[in-house]
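# coords please:
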Amino acid sequence: MPKLADDVLTLKRPQLDENGEPMTDDYGNPLTVDVPIKQARIRRSTKFIQSRDGQLHKCLLSIDLPPDVVIAEGDGTEFHPIGAALQKGKVIALDEALNPAGKKVYFRTVYVE
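Got it, this is the predicted structure:
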């Protein structure tokens with residue numbers, strides 16, 4: 001029996017121009033850069049997260065990322081679990097695990113809607 005591939009997580013980061021503004025195509029859709037993540041711990045979740053603007057969002061995935069991965073709220077994600085359909089989502093909240101002095105990030109937890 002062939003070995004099944006591991007779960008695949010891809011971050012969809014917006015492509016920026018020289019001024020730092022997001023780029024769009026001819027139809028106004030944002031251009032994105034795909035960043036595959038190899039070291040991520042992905043858990044399914046059924047939490048409700050309150051965003052900065054006060055809205056409640058249902059969190060479908062909770063993802064622990066290494067500290068060197070740069071991510072922001074609003075970035076897109078694609079998750080393809082083994083034997084299931086592709087799941088697309090958007091980052092709704094970030095949480096960082098810091099050392100007691102607050103100077104070093106151990107890992108980042110990202111909540112995806």
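# does Pro67 sit in a helix or strand, and which one?
In the assignment (DSSP states H and E), Pro67 maps to no helix and no strand.
# longest strand in this protein, by residue count?
strand 87-98 (DSSP state E).
# In the very next helix or strand once past that strand, which residues are buried?
Sequence order places strand 105-112 as the next helix or strand after strand 87-98, per DSSP H and E. Across strand 105-112, burial judged by 16 or more other CB atoms under 10 Å covers 107-108, 110-112. From N, CA and C alone the C-beta is placed, and that goes for glycine too.
# who's in contact with Asp26?
Taking CB atoms under 8 Å, 6 or more residues apart in numbering as the definition of contact, Asp26 has no neighbours.
# Could you list everything Lys88 pairs with in the sheet?
Glu78 (DSSP bridges).
# so what pLDDT did it get?
Looking at Lys88, its pLDDT stands at 87.
# residue contacts, it?
76-79.
# And Asp34, by the same measure?
Counted by CB under 8 Å, 6+ apart, Asp34 has contacts 10-12.
# show me where pLDDT drops low in the chain?
Within the chain, the segments meeting pLDDT under 70 span 1-7.
# which of the residues in stretch 67-77 are buried?
So stretch 67-77, judged by 16+ other CB under 10 Å, has buried residues 71, 75-77.
# next one: stretch 76-87
So stretch 76-87, judged by 16+ other CB under 10 Å, has buried residues 76-77, 79-80.
# ok, what's across the strand from Ile42?
Ile63.
# what's around Lys47, how many residues?
11 (other CB atoms under 10 Å).
# Tell me which helix or strand it sits in.
Per DSSP H and E: strand 41-50 holds Lys47.
# list the helices and strands that strand packs on?
strand 56-65, strand 105-112 (3 or more CB pairs under 8 Å, 6 or more residues apart in numbering; DSSP states H and E).
# Dump the ones you listed to JSON lines, plus distance to Ile49.
Output for the helices and strands packed on strand 41-50, formatted as JSON lines (distance: least, CB to CB, whole Å):
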{"stretch": "strand 56-65", "distance to Ile49": "5"}
{"stretch": "strand 105-112", "distance to Ile49": "5"}
